[in-house]
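Colleague: Predicted structure and sequence below. I'll ask about it afterward.
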Amino acid sequence: MGDYVSIGRFGAENSFYQFSDVQKLAEQLIHAGFNAVVEMAPGAPLEGLNVFYLKVPKDQFLEAKKYFHEKIMD
């Protein structure tokens, strides 16, 4: 997936059960001007639970992470 880095790991432990749950977070970042994507963690289905990573390009990481924690997950 190119030079994208994770700004968060989401799964049942923090009440994110489906891809669409995390996609809603990505959409908020996208509306704020960031290039966000959601990726299923490798091997996640084998663990019995879905685990997802919310990712942004490396050059947007610091700004996106700050925005995410201040505006989305406050």
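Modeller: Received the coordinates, thanks. Numbering: from 1, shown residues only.

Colleague: Retrieve the pLDDT associated with the nearest residue to Q28 once chain neighbours are set aside.
Modeller: Excluding its sequence neighbours, the residue lying closest to Q28 (CB to CB, 6 or more residues apart in numbering) is I72, at 5.2 Å. Using the backbone N, CA and C atoms, a C-beta is placed for each residue, glycine as well. Looking at I72, its pLDDT is 93.

Colleague: Report how many residues lie close to I72.
Modeller: For I72, the neighbour count with other CB atoms under 10 Å is 15.

Colleague: Am I right that it is in contact with E27?
Modeller: No: between I72 and E27 there is no contact under CB atoms under 8 Å: 10.3 Å.

Colleague: quick one: contacts of stretch 63-74?
Modeller: I7, G8, L25, Q28, L29, A32, F34, A36, L54, V56 (CB atoms under 8 Å, 6 or more residues apart in numbering).

Colleague: list the buried ones in that stretch?
Modeller: Of all the residues in stretch 63-74, those buried under the rule 16 or more other CB atoms under 10 Å are A64, K65, Y67, F68.

Colleague: CA atoms only: put it into CSV for me.
Modeller: Extracted C-alpha coordinates of stretch 63-74, given in CSV (Å, rounded to 0.1, in the frame of the first residue of the first chain):
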residue,chain,number,x,y,z
GLU,A,63,-1.0,16.4,11.1
ALA,A,64,-3.6,13.6,10.5
LYS,A,65,-2.9,11.9,13.9
LYS,A,66,-3.2,15.2,15.7
TYR,A,67,-6.5,16.0,13.9
PHE,A,68,-7.8,12.5,14.5
HIS,A,69,-7.2,12.7,18.3
GLU,A,70,-8.3,16.3,18.7
LYS,A,71,-11.4,16.3,16.4
ILE,A,72,-12.6,12.7,15.9
MET,A,73,-11.7,10.7,19.0
ASP,A,74,-12.0,13.5,21.5
